[in-house]
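Trainee: got a predicted structure here, sequence first:
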Amino acid sequence: VAALLRRIDGRQHVDAARAAGKGIVFLTPHLGCFEIAAKIAADEFPITVLYRAPKFAWLQPLIEKGRGQDNVRLARADLSGVRELLAALVRKEAVGILPDQVPGEGEGEWAEFFGRPAYTMTLAPKLAARPASVCLLAYGERLPGGQGYDLHIRPLPAAGPGESGARRMNRALEVLIRECPAQ
């Protein structure tokens, strides 16, 4: 993975969280190459990544082999997976969530996203609000001509007055998308 990485923009946010002994909640939307972000993190520390099990059971071994290697642990998007994420944060490790996935019924709230209501997960904002953790946004920008990737890391912006966690997260995702809309 290191050979594919050109630079890490915002690395100081990860370094500061680790130096402070905090767990890190990485919110990595489907922007650019989301898969590369966890691989880059795993080069330096353990990361537990939430994922949805495939509809076809025969795909499960492929997902485990492709996503869950080295320091990347996979946690299913169910109650047992949430427990695994919480345990990783207690160990002061990193967790990764794709925050732009549509949550299951009762697992989200309606929050504005680019001026429209979007059913938004509440798990990610709840994890981001934990005082013993730092929440960072990350995405892997694909470089032209197969030249590799730049990893961009941003802190989650402060909540606005009366703003829900889901709206705060959506507002942060809007900033990332505006930063790199071609991705």
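Mentor: Okay, I see it.
Trainee: which residues touch the helix or strand encompassing residue 39?
Mentor: Using DSSP states H and E, residue 39 falls within helix 34-42. For helix 34-42, contacts defined as CB atoms under 8 Å, 6 or more residues apart in numbering pick out 1, 4-5, 8, 14, 26, 28, 47, 49, 67, 69-72, 94, 96, 98, 138-140, 149, 151. Glycine gets a C-beta too; all of them are placed from N, C-alpha and C.
Trainee: list the buried ones in it?
Mentor: 34, 36-42 (16 or more other CB atoms under 10 Å).
Trainee: spatially central residue in this protein, please.
Mentor: residue 27 (2.6 Å; CA atoms, centre = their mean).
Trainee: does it touch residue 97 like I think?
Mentor: Yes - Residue 27 is within contact range of residue 97, at 5.9 Å (criterion: CB atoms under 8 Å).
Trainee: mutual contacts of these two, please.
Mentor: When contacts are counted by CB under 8 Å, 6+ apart, residue 27 and residue 97 are jointly contacted by residue 124.
Trainee: now do the SS call for residue 53.
Mentor: coil (DSSP: H, G, I helix; E, B strand; the rest coil).
Trainee: state the distance from it to residue 94.
Mentor: Taking CB to CB, to the nearest Å as the measure, residue 53 and residue 94 are separated by 22 Å.
Trainee: helices of the protein, start to end?
Mentor: Along the chain, the segments classed as helices by DSSP state H run 11-19, 34-42, 60-67, 79-90, 123-128, 165-179.
Trainee: for the fifth one, the distance to its chain's centre please.
Mentor: Averaged C-alpha coordinates place helix 123-128 at 11 Å from its chain's average position (CA atoms, centre = their mean, to the nearest Å).
Trainee: remind me, longest strand of the chain?
Mentor: Secondary structure assigned by DSSP state E gives strand 133-142 as the longest strand of the chain.
Trainee: who does that one touch, helix- and strand-wise?
Mentor: Applying 3 or more CB pairs under 8 Å, 6 or more residues apart in numbering; DSSP states H and E, one finds that strand 133-142 contacts helix 11-19, strand 23-27, helix 34-42, helix 123-128, strand 149-155, helix 165-179.
Trainee: which one of those lies nearest to residue 79?
Mentor: Among the helices and strands packed on strand 133-142, the nearest to residue 79 by CB to CB is helix 123-128 (10.8 Å).
Trainee: what bits of the protein have low per-residue confidence?
Mentor: Judged against pLDDT under 70, the low-scoring parts of the chain cover residues 1-2, 54, 56-69.
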